[in-house]
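> have a look; sequence and predicted model below, questions after that.
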Amino acid sequence: MTSDRPLDLLNEAKNKRVMVELKNKQRYVGILKAFDIHINTVIDEAQEIDEEGNPKRSIGKVFLRGDTIVIISSQ
Amino acid sequence: MTSDRPLDLLNEAKNKRVMVELKNKQRYVGILKAFDIHINTVIDEAQEIDEEGNPKRSIGKVFLRGDTIVIISSQ
Amino acid sequence: MTSDRPLDLLNEAKNKRVMVELKNKQRYVGILKAFDIHINTVIDEAQEIDEEGNPKRSIGKVFLRGDTIVIISSQ
Amino acid sequence: MTSDRPLDLLNEAKNKRVMVELKNKQRYVGILKAFDIHINTVIDEAQEIDEEGNPKRSIGKVFLRGDTIVIISSQ
Amino acid sequence: MTSDRPLDLLNEAKNKRVMVELKNKQRYVGILKAFDIHINTVIDEAQEIDEEGNPKRSIGKVFLRGDTIVIISSQ
Amino acid sequence: MTSDRPLDLLNEAKNKRVMVELKNKQRYVGILKAFDIHINTVIDEAQEIDEEGNPKRSIGKVFLRGDTIVIISSQ
Amino acid sequence: MTSDRPLDLLNEAKNKRVMVELKNKQRYVGILKAFDIHINTVIDEAQEIDEEGNPKRSIGKVFLRGDTIVIISSQ
């Protein structure tokens, strides 16, 4: 049996590599360490990437406020 | 008897192919796996498509934050 | 006696033809099947129309997230 | 004694002619039939008007989502 | 002793002349008749003014939805 | 022992001179008289200043709706 | 055992040097002194920096309203 709640499915990506796209068009890749019901999210080993996926800057561990997030995709 | 609550009707589209349009104009097609009352949504086999419906990129399973969604249509 | 609550009045339009205008300027016409207190709305036999009312595309049954809606008018 | 709550004062305008201005700059005139605490509003005999107050289109009974409204003025 | 809650201080301006500035840059002057915790506000003898403070139009009693308001200043 | 809650730290600035920056880019300086959990704020002896910190207009006591505020800094 | 809640991870950065990026593109560096569940945040020894990380102005202790924050990264 599999869950059909979005946050359960997001939970499957924990400690795995994800890409997060923000409303301001920024994209980050890194390891999904934590999220909550507001989709506040912590990413470790985070890199901001450009539209082609090339790294722009490495910024370690980042806290992303949930209401700025559009998409979280697993990689 | 049929339900007349929007989320019940959205539930009929579960595990079926849908198109999701976002406030930032992005469009995704894929299999609707999950949603919640905030319309946080998980789509599997997701593809971003352009305005003509042609695929731009394949991104597997994605979590879409509910407040970025404008429309979900079944296909 | 008639109700004076907006959602009761919106309820009178159920199963009737409505036009929905969104914050992103899109307009849809179709049969109002369901709505909830957030004004999440399901329209059946939906067509996106242009400013002159001409159909741009037919998209069947659509779920519209409430916070994207500006106006719902009966026709 | 007069009430000093905004919704009580808005209630005085019920069944009277009002102008509603929206965040998207649209202006509507018509008879205020209903509103709720979110300022979701139903206007009957509604006309969209331009900046000079000239009618642009007649649209009968409309439901306006509260969060799109800037001002409601009595006429 | 004086209160140090914003709404108590706003209450001191009731029935006095205020200027209200909105997110859409509009400015109104008039008599503050009512407000609530959402800062929904009713202004009587309202005039829309331009940036120099010159009246653009007189609109009597207006209801301003709280989330459109930036500043209320006493005059 | 010092508190580590943001509003407690903001409280230390009460009755002191602060600068408030708004989402619409306006900046105000004045005496912080009151704020609440929404960051609705009352400033006395308020002056709108330009980017260089020069006064543009004096507006006495102002109520600033919390959701328009970006930063409050002590001076 | 480590926590997997975003605010617990943010707590690890308390009293350490962080960079905060706002929705209006401003960036601040300073010592994270406090935050709450809304991500209202107090930064001490704050400096606004430009895109290259060069200081633009020093502003001491600042209160940042949570809904303006995009990212908080440790340094």
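Thanks, I have the structure now.

> ok, A:Thr68 - how many residues close by?
Burial measure for A:Thr68: 22 neighbouring residues, criterion other Cβ atoms under 10 Å in any protein chain shown. The way it works is simple: take the backbone N, C-alpha and C, and place the C-beta from them, glycine included.

> that one is in contact with G:Thr68, isn't it?
No: counting by Cβ atoms under 8 Å, A:Thr68 stays clear of G:Thr68, with 10.1 Å between them.

> identify the contacts common to those two.
Counting by Cβ atoms under 8 Å, 6 or more residues apart in numbering or on different chains, the shared contacts of A:Thr68 and G:Thr68 are G:Lys23.

> quick check on the nearest residue to A:Ile37 once chain neighbours are set aside: phi, psi?
Spatial nearest neighbour of A:Ile37, excluding adjacent residues (Cβ to Cβ, 6 or more residues apart in numbering or on different chains): A:Leu7 at 6.9 Å. Main-chain dihedrals, A:Leu7, degrees, to the nearest 10: phi -70, psi -30.

> quick one: low-confidence parts of chain A?
A:1-3 (pLDDT under 70).

> how does it look with 80?
Within chain A, the segments meeting pLDDT under 80 span A:1-4, A:75.

> so which bits of it are right by chain B?
A:3-10, A:13, A:19, A:23, A:39, A:66-67, A:69-75 (Cβ under 8 Å from any Cβ of the partner chain).

> and A:Asn15, helix, strand or coil?
coil (DSSP: H, G, I helix; E, B strand; the rest coil).

> what sits opposite the residue nearest to it when sequence neighbours are not counted in the beta ladder?
In space, and not counting its chain neighbours, A:Asn15 is closest to A:Ile31: 6.3 Å by Cβ to Cβ, 6+ apart. Beta-bridge pairing of A:Ile31 under DSSP bridges involves A:Arg17, A:Asp44.

> burial measure for A:Ile31, as a count.
16.

> settle this for me: it is touching A:Lys16, isn't it.
Yes: judged on Cβ under 8 Å, A:Ile31 makes contact with A:Lys16 at a distance of 6.9 Å.

> in chain A, what residue is nearest chain C?
A:Asp67 (12.5 Å; Cβ to the nearest Cβ).

> so that residue sits in a helix?
Yes: with three-state DSSP as the criterion, A:Asp67 is located in a helix.

> shouldn't it be in contact with A:His38?
Yes: counting by Cβ under 8 Å, A:Asp67 does reach A:His38; the two are 7.1 Å apart.

> where exactly do the helices run in chain A?
A:6-11 (DSSP state H).

> just want the most central residue of it.
Taking Cα atoms, centre = their mean, the centroid of chain A lies closest to A:Val20, which sits 3.7 Å from it.

> out of everything not next to it in sequence, what's closest to it?
Closest to A:Val20 by Cβ to Cβ, 6+ apart is A:Tyr28, at 4.8 Å.

> that neighbour and chain F, how far apart?
23 Å (Cβ to the nearest Cβ, to the nearest Å).

> tally of neighbours for that residue?
The burial count for A:Tyr28: 23, using other Cβ under 10 Å.

> quick one: it and A:Gln47 touch, right?
Yes: the criterion here is Cβ under 8 Å, and A:Tyr28 meets it with A:Gln47 at 6.8 Å.

> show me the contacts for A:Thr41.
Counting by Cβ under 8 Å, 6+ apart, A:Thr41 has contacts A:Val20, A:Leu32, A:Ala34, A:Phe35, A:Phe63, A:Leu64, A:Gly66, A:Ile69, A:Ile72, G:Pro6.

> show me which pair in those is furthest apart.
The distance between the two most remote of the contacts of A:Thr41 (Cβ to Cβ) is 14.4 Å, for A:Phe63 and A:Ile72.

> show me what contacts A:Leu9?
Applying Cβ under 8 Å, 6+ apart, the residues near A:Leu9 are A:Ser3, B:Lys33, B:Ala34, B:Val42, B:Lys61, B:Phe63.

> surely A:Phe14 touches A:Ile43?
Heads up, residue A:14 is Lys, not Phe. No: with contacts counted by Cβ under 8 Å, A:Lys14 stays clear of A:Ile43, the gap being 11.1 Å.
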